[in-house]
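In: Fold the following for me, if possible:
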Amino acid sequence: MSRRSRVQALLFALLFSLLYCFSGRLSPASAFTVRTAFTHACHEVMTLAAFFQAVDAIDLEAIPEPRTSKWEGVVDWITRDLGVSLHDTRERFYFFSLLAGVRAPDTDGHSFSNLETVRLLHVSPEGQHEHCLRSPEEDGAEGNASAVHGCRRAFIAAIEDASAAADEEETRIFVPFVLDHYGRVELEAWAPAYHLGRALHVLQDSFSHTIRTPDLQSILHVTNYAEAVSGTLRASRDGIAHSDAADRCDLENAERTSAAIEASVELLGLTGAS
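Out: Predicted coordinates:
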């Protein structure tokens, strides 16, 4: 089987079988979700699918050899139920670093079993743009435009962090990673890919948390989570409430999910390892 055929087969397996692999309940704060005991592995699967499509554009030789190995267990944890494997150490290290970054905005080092802490994290006004959502003070048409700009700023900030990290003499760092029923651990990651993963999170959420044009290429409206869950939302003032339906990453939301993956592939292809 050619690499292209292998990638296409993997995409179908990854995208449309993931709910059978990672079944769970709705999260305290949805979005394209990360894998926990409560939620589906949307961000992880989309990032893995994008990685497989963009890997030929990534200069893996520019990535340093990791000094530790505990992070490898996380790669196995994500890939084993999907029937895929990554064998090259630098491939695995790059993917883990993306994975740690794409999960970070949803966990911030906290377990999803700590529902109160995670809920507070997800309704924080300061953190809404990392998920491409409205902040509570962003009201009306002006607030909608402000939310779009905030989403862009969060994305660009993560890209700039990745660029700055690549200029450091030592690019290997330790980042928090949370596993259900185990807790928080500090694992080694490649800093540029970790921050690129955070940028991927914003980019992917910009497809699940917005109303877009029919071709999904432009944002028309940014939805509201913080005020929707607090019960204070007034749609005419605060915008449309965040929708669980738009957060699905199965066949019922295949078009939106595929568009998010396509955008992720473009980002990974453009950045490579530079």
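In: Phi and psi next, for Cys132.
Out: Per-residue torsions, Cys132: phi 50, psi 50 (degrees, to the nearest 10).
In: again but with Asp139, I slipped
Out: The phi and psi values for Asp139, taken as degrees, to the nearest 10, are phi -110, psi 150.
In: For it, which residues are in contact?
Out: Neighbouring residues of Asp139 by Cβ atoms under 8 Å, 6 or more residues apart in numbering: 237-238. All C-beta spots, glycine's among them, are computed from the backbone N, C-alpha and C.
In: how far away is it from Thr232?
Out: According to Cβ to Cβ, to the nearest Å, Asp139 stands 12 Å off from Thr232.
In: Please enumerate the shared neighbours of the two.
Out: In contact with both Asp139 and Thr232: Asp238, using Cβ under 8 Å, 6+ apart.
In: Please settle this for me: is His221 part of a strand?
Out: Yes - under DSSP: H, G, I helix; E, B strand; the rest coil, His221 sits within a strand.
In: do you know how far it is from Ala241?
Out: His221 is 11 Å from Ala241, where distance means Cβ to Cβ.
In: Low-confidence ranges, this structure, go.
Out: Where the chain drops to pLDDT under 70, the residues are 1-40, 108-123, 180-182, 273-274.
In: Show me where it has its strands.
Out: Listed in chain order, the strands of the chain (DSSP state E) span 172-179, 183-190, 210-212, 219-222.
In: So which of the ones you listed is nearest Ile63?
Out: Taking Cβ to Cβ, strand 183-190 is the member of these nearest to Ile63, at 5.7 Å.
In: how much does the closest one deviate in direction from strand 172-179?
Out: If you take axes from the mean of the first three to the mean of the last three Cα atoms, to 10 degrees, strand 183-190 sits at 150 degrees to strand 172-179.
In: For strand 183-190, buried residues please.
Out: The neighbour-count check on strand 183-190 (16 or more other Cβ atoms under 10 Å) flags 185, 187-190 as buried.
In: Name the nearest of the residues you listed relative to Ile58.
Out: Here the nearest of those to Ile58, counting by Cβ to Cβ, is Trp190; it sits at 11.3 Å.
In: now the helices for the stretch 51-200 of the chain?
Out: Using DSSP state H, counting those that start in this stretch, the helices of the stretch 51-200 of the chain run over residues 72-79, 89-107, 115-123, 140-166, 191-208.
In: Just send the strands of the chain back as CSV, with distance to Arg256 too.
Out: Below are these laid out as CSV (distance: least, Cβ to Cβ, whole Å):
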stretch, distance to Arg256
strand 172-179, 27
strand 183-190, 29
strand 210-212, 8
strand 219-222, 13
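In: Tell me which of these lies nearest to Thr271.
Out: Between Thr271 and the strands of the chain, the tightest spacing by Cβ to Cβ is seen for strand 183-190, at 12.5 Å.
In: Give me the residues contacting that closest one.
Out: With Cβ under 8 Å, 6+ apart as the test, strand 183-190 has contacts from 63-64, 66-68, 70-71, 74, 93-94, 96-97, 100-101, 109-111, 171-179.
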